[in-house]
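Visitor: A predicted structure for the sequence below; I have some questions about it.
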Amino acid sequence: MSKQNNYSDKEFLIDDVLRDYSNNSKDKDLLEQISILRHDKINEPVIYMGSGTCGLGAGAGDTLEAVKKYLDEKQVSAKIVETGCIGLCAVEPIMDIQLPDYNRISFQQVTADRVNDILDSIFQLEVPQADILGQFDTPEAKEWKGVKYLHEHSFFAPQKRIVLNNCGVVDPVDIREYIARGGYKSYIKTVNEHSPLEVCDVVEKSGLRGRGGGGFPAGRKWKFANSAKSDQKYLICNADEGDPGAFMDRAVIEGDPHKLIEGMAIGAYAIGATKAYVYIRAEYPLAIKRLEIAIEQAKDYGLIGKNIFETGVDFEIKIKKGAGAFVCGEETALIHSVEGKRGMPRPRPPFPPTRGLFDKPTVVNNVETFANVPAILQNGAEWFASTGTENSKGTKVFALSGKIALTGLIEIPMGTTIREIIFDIAGGILNNQKFKAVQIGGPSGGCLTEENLDIQIDYESLVNVGAMMGSGGLVVMDEHTCMVDVAKFFMGFIQRESCGKCIPCREGTKRLLEILESITSKPNASDPTETLDRFKGMMQVEKLSKVIQDTSLCGLGQTAPNPVLSTYKRFKNEYEAHLFDRYCPARVCQNLKVYKIDVDKCTGCTLCIKKCPVDAIIGTKKSPHFIVEDKCIGCGACYEACKFDAIEVV
Amino acid sequence: MEKNIEAVLNKYPEGSVDNLIPILQDIQEVDGFLSEESVVKVGEYLNMPASKIYGVATFYNQFRFTPLGKYHIQVCCGTACHVLGSATVLEEIEKNLGVKSGQTAKDGIFSLEVVACIGACGLAPVISINGNFHAKVTSESIKEILDNYRNKE
Amino acid sequence: MSFLIKVNNKEIEARNGETILDAMERQGIQVPTLCHLKDMLPSGSCRMCVVENAKNNRLVTACSTPVEEGMEIQTHSSGVIESRKTIVELLLSNHPDDCLYCVRNKNCELQDLSEELQIRERRIKGVKNNIHLDRSGTSLVRDPDKCILCGRCVRVCEEVMGVACIDFINRGSQSIIGPPFDRTLNTSSCVNCGQCIMVCPTGALSEKSHFPELISMLNNPEKTVVVQYAPSISVSLAEEFNMPAGGDISSIMNAALRKIGFQYVFDTSFGADLTIMEEAAELVNRIENGDTLPMITSCCPGWVKFAEQFYPDMLPNLSSCKSPQQMMGAVIKSYWAEQLNKNPEDIYSVAIMPCTAKKFEAQREEMTSRGITDVDAVLTTRELGQLIRMYGIDINNISPEATDSPLGFRSSAGKIFGASGGVMEAAIRTAYNMITGEELLKFKVEELRGLDGCKEAQLKVDDLTINVAVVNGLANARKLLDKVNNGEKEYHFIEVMACPGGCINGGGQHIGAAEGAVEARMKALYDIDDKETVKTSHKNPEVIKLYKGFLGKPLEHTSHELLHTHYYKRDVIL
C-alpha cells in the first residue's frame, strides 16, 4: 500500500481499512497508521479523563480544568481525551496518562487537588503509588515497574468485556479510533458477504438473548421480522433505562456509541429495516450528545445514509428522547411512545416483529443486545456461544450499587456466581458489614439471600429463585437495611410508574403499597379498625400478588409483586415484627422507631425538650427526662440533639 | 410566546403525529411549561385533539402545566409540621394568594406546592420560599412573610 | 379456514384469525368483559375475560388472543374465577359504596359482576376515590369517582364519534378520564351525543335529569303539561320493560303518558313532517337558485354542535330548519296554544327523545320563538322508563290510546326519521313532488337504508340528477366532509346523524340492548312505513291544514320565524 500526500485519515480508514476489510496483510505502514489512530503509538503524552456521567459527578470536570491549567502553566504539550466510564465508579474521577513508549497508566480518585502531584511525578517517570489504579498493556510499550496490570486487578480480572471493551478506554466521539480498533468492519463485511437471513441465523446460533429483561432470543426475533412482508420495517433501540440502580445503557452510549450504531446497522440489515430509532431517556443529556456526534460521524463516513458503501443498503438513525415513563421499557409501550402516544402497552400478539411501529414490522432490542452484535458477526456464533451457560450465552453487564465496597459496572460471563460478583469483584460489603440480601433485576426483580449466592447467573436460574435478569441492576444490602422498607420503596416506584391501563397492575400495585404502608406506619390507637385492617391486608398479599402476576397486561405488572413476594418469602420474620410487634428490626422505619431516654445518662439539660417539635418530652431541669411515646412522632430531633448519648432507639 | 411556538413548530415541517413528544419537549424547553394555548396550537398543527395531547403530556413525568412563580413556596407536610398545624398554614397561604397547592398565582409572583418532609422538623411548621426556610410559621406570621416578598416587587 | 378448539372440554369451531372471545360468543359461551367493544380492536385493559390455557395453565385474555388449532381453554377454572373475583374486588376497593343512590343501580356491569362472582366480603380495602363531579354540561354528568377507567367512552368518543373531547389523563393510579386542562364538559368539544353513556359499565356517565322540575310541573294546576315523543321511542321503549326489541308500542305509550299526567300527547313525527316540508323546500330552493350546496341536514343536535366546532366554514351548508323536536315545540306554543286558547307561557312542553343532545338543543338560545322556549324539558327513553316505573304503571296492562289532535296525525315518512337514512328518504319523497308536481312511484330508496356508516344514492328527478349521501357516526361524517371539502365528492344533499344507525341507537336509548336490537328497531320503523298509506309528509292532512290556516307556505314569513334557526362557531377547546 502506498501512502499519498493529503491522504486523510478518513480516506485511509474508508479505503484501506473498511473497504479492504478482508485484507489481513501485515503491511507495516498500514499497521503503523492504525496504531497511531488507536493511540498505541504516540508522539506526545496523552491524558485520558474518565468523563462519563459518573466521572463528571465525582468531579472530573474540575480535574480536567486542573489538568489544562497544569499543562498551560508548565508549557507541556499533551493531548487530552475524554473517555467514557471504565466501570469502577467507586474510584472516580479516573485519569489515565500515557507517555510515549510507556504503558498507559491509570489513577484513581483524581480530584483536582491531586492533579499537580500526579502529573509532576509521572512526567519525571515516577509513579505516585497512592493514586495508582493499574497499568494497561499497551502494545510495544515499556511497562511501569512495580505497577499492577489493570487486567490483573481483582475488579477486572474475572470480567470478560465484549460490550464494555472500549468503554473508558477509547475516545467515544472519535470514529477513527473506533474503526482503527476494528469497528464497523463487521458491518461492512456483513452487508457484503451475508444475506440478511444468514445474519439472523448467526445471531440465533450464537444464543444471544435480549439483554433488556425478557431474554427472548434475539436471532429468533429478527427472523420473525425478516420474514414479515412489508414496504417498510423499523428497528428500535431501547435506551430508556429506567430502573433505579441500572446505568449500563448510559455507560455504553457515553463510552462507545459507535458500537451501538454498528450493532443497530447490522440488525437493521438483518431484518430489512432502513429506518431505526434510538429511544433514549431525556435525563441522559451527555449520552444523547455523544450519540448525536457519533451518528454525524458515521454519516460522514458513509456508514449511515443511502447506498452504504455501494451495497445498495440504506440505513438511517433518529434519536427519540423519552419523556419519563418507566413502562416505556415494555416494547409495545415504547412503540406507542415513539408514535407520539401515551406509552401504554397493548396486548400481544400481534408481536412487534409482525406489527409494530406505525403498524409495520419492528424489532425492539436494548442497547446491550445491539452492542454484542458486532463482535458476534466478527468472531462467529461459536465464539460467542463458547462463553456462558447452556441456555444463556455470552456475557452480561451488571450495575453494582448499594452497600458494596466497589460500586460500578462490570461485564461477566454468564454462569458467574453472585458470590464471585459481590465478594471477589466488588470487594465485599461496605465497611465489612454483614451481607443480608441482594436485589437483582431492578424493581421488578427479586431479592436473594446468602443461600442463593452460589447460583450461577443465567436467565433461568434467576427466575427459578424468584428474581430475574432484568436489565442487570444489582443492589446489595447489609444488616442495616430493612427489607420491608426496601419492598415498600420498590413497590412505590412500580406503583408510580404503572401506566394505569390494566386493572390488576393499576389498582393492585396501589393496594400492595397501601398494605406495606399500613404495616410501617405508626400505631394508631384511636382507630378501632386499624389493627384488623392491617392484619387483613397482610393476609391478602400473596393471593393478590398472584392475581397481579397472572392477569396483568404487560411485563411491568406481571413482575410487579416480585419485590414484595421475594422479601416476604425470605424475611418473613421482619414482616412479622412490623406487623405484630410494630417493630422494625433494622431500625429503619421511622414510624416504628421508639426513642427512649436512658435515665443514667441523662443530665437533665433540657436541650431535647427544646428541640422536640411536638412537646413529647417532659422533665425538669437537672433530673432525667422522659419521652411520651404516644406524642412522639419519631423525627429523631432529640436523638440528634443529645450531647450525652442518653437517647436510644429501641 | 406565540412566536416561540411557531419557531418550534417550524422545526418539524412534516407535521406528523410522531413528532408530538419532541415538539412538547421543545416548547417546554422554551416556555418552561406547557400552556393551554400552546397545546391548542400544537393540536392545530398536528391535526390532533387537545385532549389527546394533554393525555400524552400528563402521561410522562417530564411535562408541567403551570409556570413556577417568581417565588416558589413549598409547604412542608411532614409529620412534625402536620402535628403543629401546617394544614392551617397551608389554608392561610391559599387564602392569601388565592391559589391551591400546585398552582401559580395569576400575577406570577408566587407558586405553591405541598411537599413531603424537608427535614427541618425542629423548625416546624416550616415553609421554604425559593429554598429559604421560614421557621415556626403561624397563620399570623404568614401575612407578614408574604408581604415582605410582595414589597420586593 | 376453520378448525376445532376445545373449550371446557367440548370441541367448538373456530375460524382462523378470530379471537377466542369471537369463537366462544358464536357458541353462546360467555365470559365477562368490562372494556370490550364490539367491532373494535381489543384494548385488553380490564383483564376480566381471562381464560385458562389448559396446556400450560396460563391465563390469557379471550378478547385479544387469537385462536390456534388444538387450543384447549377453560373458561371457569378455579384460577380464572379467583382472578376475576380479585379484579372486581380491586375495582370495588376504591369505588364509591353508594349503589343504592346510583343512577345505574340494578343496571350496572360492575354491580352485576360483583354479584355473579359472589363477592360477600371486603377483603381488599383501599382509599376511596374523591374526584369532583362534573355537572357543567347541559346533557351529561360525569362522576369520575365511579369511573373504572375501562376506556370505552374514550374510544367511542374518538373512534366512532370523531370528537375526542375526553382522554386518559395522568398515569397509573392517578389516572382519570376527562377533558384536557381540568376543563369541564361545557367548555369541551363534547357534542352531548351520549354514546359514552351507552358504553359506560358503571354510573360514571349519565344524562342530566330534570325529574324534580317535571314532577312539580305535573302537579301544578296552572300549567298545561304537554309531551311529544320522538319517532324512535315507540320502537325502543319496550326494551326498558324487558320486552323484545322492535315492538311498536306507541298507543300504549300514549296511554301511559296520560296516566302520568301529561295532558296532551303528541308524536314528534308530526314535527318531522314539518321539517320535511321546510327542508325539502329549502333544498329545492338552493338547487334552483344555485345557493350553497351540498345542503346538510340539521335535525341532529349532536351533529350541529360538531359542525359548529369542527366545520365552522360549512355552517352555511347546514339547513336552517330547526329539528322536529323544536318545530313541534314551536308549533305547540303558537298554533296549538291559539287553537286551544291557551297562554303559551302556561304550557310546559316536554320532549321524550332517544338522545341526550336534545337536552342541549332545547336550551340553545336560538330555540325560542317570540321569547318563549320551544321545549321546556327533554327526557331520554331511559328516563321515560323510570318515570313509568315511578308512577307504578303496568304497561302490560293498559288500553291503547291515540295522540291528541290538532297536530295528531303523522305520515310514515316522519316516522322513519328515527333510522339513519330516514330523513333523506322522506325529503326525497317530498322534494320530488315539489319539483315535478308528481308523486314518486317507488318510495323506498334501498341504498339509503341499513346500518352502514356511509351510504350514497343517485336520483333522477326530471332531467336533474341529484346526488345524496347519508352518514351516521360522526367519525364517518368527518371522513365524508373532508372528501367534500377537498373536492373528491360532490353532493346536493347530505344527511348526518351523530349516532351510529341514527336515533334508534341514540345516546338516550336503553342501556344494555340485546344483540340485534338496533336492527329490530330499524325494521319496526320501516315496517310501519310499509304498512301505512300516508307515506309522504306533504300528504299529511294535519300538516296541510297547519300550512293553510297558520303557516302559509314553507319558507315564508311565519315558517321562517318559527321553524328556522341559525348557527355559530363555538369557542371550545378542540
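Guide: Nice, thanks for sending it over. Note that the structure is predicted; figures quoted are calculated from it, not measured.

Visitor: Would you mind giving the domain segments of the chain?
Guide: No chain specified, so I'll use chain A. Segmentation of chain A into domains, based on automatic domain parsing, reads A:38-149, A:175-385, A:395-481, A:484-581, A:593-649.

Visitor: that's the wrong chain, I meant chain B
Guide: Following the assignment in automatic domain parsing, chain B carries domains at B:2-59, B:71-152.

Visitor: for the shortest one, how far is the first residue from the last?
Guide: Between the opening and closing residues of domain B:2-59 we find a distance of 25 Å, counting by CA to CA, to the nearest Å.

Visitor: so where does the residue lying closest to residue C:125 once chain neighbours are set aside fall, helix or strand?
Guide: Distance criterion CB to CB, 6 or more residues apart in numbering or on different chains; nearest residue to residue C:125, sequence neighbours excluded, is residue A:533 at 5.8 Å. C-beta here means a position set from N, CA and C on the backbone, and glycine is covered the same way. Assessed by DSSP states H and E, residue A:533 sits inside helix A:530-551.

Visitor: What residues does chain C have near chain A?
Guide: C:42-47, C:50, C:58-59, C:61, C:63-66, C:79, C:82-83, C:86-87, C:90-91, C:93-94, C:123-127, C:148-149, C:151, C:168, C:170-175 (CB under 8 Å from any CB of the partner chain).

Visitor: among those, which are in strands?
Guide: The members of the residues of chain C next to chain A that map onto strands under DSSP state E are C:50, C:58-59, C:61, C:168.

Visitor: Need the buried ones from those residues selected in ChimeraX.
Guide: Selection of buried members from these for ChimeraX, criterion 16 or more other CB atoms under 10 Å in any protein chain shown:
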select /C:50,59,61,168
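
Visitor: buried stuff in the lengthiest helix in chain B?
Guide: The longest helix of chain B (DSSP state H) is helix B:139-152. If you call a residue buried by 16+ other CB under 10 Å, then helix B:139-152 has these buried ones: B:142, B:145-146, B:149.

Visitor: Stretch A:272-279 now?
Guide: When burial is assessed from 16+ other CB under 10 Å, stretch A:272-279 yields the following buried residues: A:272-273, A:275-279.

Visitor: quick one: the strands in the stretch 251-400 of chain C?
Guide: C:264-267, C:295-296, C:347-353, C:368-369, C:372-373, C:377-380 (DSSP state E, counting those that start in this stretch).

Visitor: Worst mean pLDDT among these?
Guide: The weakest mean pLDDT among these belongs to strand C:368-369, with a mean of 82.

Visitor: quick one: it to chain centroid distance?
Guide: Distance of strand C:368-369 from its chain centroid, counting by CA atoms, centre = their mean, to the nearest Å, is 25 Å.

Visitor: Who does it pair with, and is each partner parallel or antiparallel?
Guide: strand C:372-373 (antiparallel) (DSSP bridges).

Visitor: C-terminal to the worst-scoring helix or strand of chain B on mean pLDDT, what's the next element?
Guide: None of the helices or strands of chain B scores lower by mean pLDDT, DSSP states H and E than helix B:79-83, at a mean of 62. Next in sequence after helix B:79-83, counting helices and strands by DSSP H and E, comes helix B:86-97.

Visitor: What distance separates the opening and closing residues of stretch C:10-22?
Guide: Note: stretch C:10-22 ends 16 Å apart using CA to CA.

Visitor: of all the domains of chain A, which lies closest to residue C:398?
Guide: domain A:484-581 (44.4 Å; CB to CB).

Visitor: what's the span of that closest one from first residue to last?
Guide: For domain A:484-581, the separation between the terminal residues is 14 Å (CA to CA).

Visitor: same deal with stretch A:22-40?
Guide: Where stretch A:22-40 begins and where it ends lie 22 Å apart, using CA to CA.

Visitor: how about the helices in chain B?
Guide: Counting by DSSP H, the helices of chain B are B:2-10, B:20-31, B:36-46, B:50-59, B:79-83, B:86-97, B:139-152.

Visitor: Any chance of a markdown table for these, columns distance to residue C:221?
Guide: Output for the helices of chain B, formatted as a markdown table (distance: least, CB to CB, whole Å):
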| stretch | distance to residue C:221 |
| --- | --- |
| helix B:2-10 | 60 |
| helix B:20-31 | 61 |
| helix B:36-46 | 51 |
| helix B:50-59 | 48 |
| helix B:79-83 | 59 |
| helix B:86-97 | 50 |
| helix B:139-152 | 56 |
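
Visitor: Highest mean neighbour count out of the ones you listed?
Guide: Of these, the one with the most neighbours on average (mean count of other CB atoms under 10 Å in any protein chain shown) is helix B:50-59, at a mean of 26.

Visitor: Please report how far residue A:492 lies from residue C:551.
Guide: From residue A:492 across to residue C:551, the span is 70 Å (CB to CB, to the nearest Å).

Visitor: higher neighbour count, the two?
Guide: It is residue C:551, of residue A:492 and residue C:551, that has more neighbours when counted by other CB atoms under 10 Å in any protein chain shown, with 24 against 16.

Visitor: give the contact list for the more buried one.
Guide: Shown in contact with residue C:551 (CB atoms under 8 Å, 6 or more residues apart in numbering or on different chains): C:335, C:558-559, C:562-563.

Visitor: Skipping its backbone neighbours, what lies nearest the residue of the stretch 401-550 of chain C found nearest chain A in space?
Guide: Sorted by distance to chain A under CB to the nearest CB, the residues of the stretch 401-550 of chain C start with residue C:475, at 18.1 Å. Once flanking residues are discounted, residue C:475 sits nearest to residue C:162: 3.5 Å by CB to CB, 6+ apart.

Visitor: what's the one you found in contact with, if anything?
Guide: Shown in contact with residue C:162 (CB under 8 Å, 6+ apart): C:306, C:473-478.

Visitor: Can I take it that it is in a helix?
Guide: No: the assignment for residue C:162, made by DSSP: H, G, I helix; E, B strand; the rest coil, is coil rather than a helix.

Visitor: Output the set of residues of chain B in proximity to chain C.
Guide: So far as CB under 8 Å from any CB goes, chain B lies against chain C at B:36, B:39-40, B:43-44, B:49-55, B:58-60, B:65.

Visitor: How about the secondary structure of residue A:297?
Guide: For residue A:297, the assignment made with three-state DSSP gives helix.

Visitor: Same question for residue C:196.
Guide: Assigned by three-state DSSP, the conformation of residue C:196 is helix.

Visitor: Sketch out the low-pLDDT regions of the chain for me.
Guide: Answering for chain A, as no chain was given. Scanning chain A with the threshold set as pLDDT under 70 gives A:1-6, A:244.

Visitor: and if you look at chain B?
Guide: For chain B, applying pLDDT under 70 flags the ranges B:1, B:78-80, B:82-84, B:116-124.

Visitor: Can you dump the C-alpha atoms of the helix or strand containing residue A:31 in PDB for me?
Guide: Taking DSSP H and E as the definition, residue A:31 sits inside helix A:28-37. Only the C-alpha atoms of helix A:28-37 are listed here, as PDB (Å, rounded to 0.1, in the frame of the first residue of the first chain):
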ATOM      1  CA  LYS A  28       4.000  -2.100   8.100                       C
ATOM      2  CA  ASP A  29       2.700   1.300   7.000                       C
ATOM      3  CA  LEU A  30      -0.800   0.200   7.500                       C
ATOM      4  CA  LEU A  31      -0.200  -1.200  10.900                       C
ATOM      5  CA  GLU A  32       1.700   1.800  11.900                       C
ATOM      6  CA  GLN A  33      -1.100   4.200  10.800                       C
ATOM      7  CA  ILE A  34      -3.600   2.100  12.700                       C
ATOM      8  CA  SER A  35      -1.600   2.000  15.800                       C
ATOM      9  CA  ILE A  36      -1.400   5.800  15.700                       C
ATOM     10  CA  LEU A  37      -5.100   6.100  15.400                       C
END
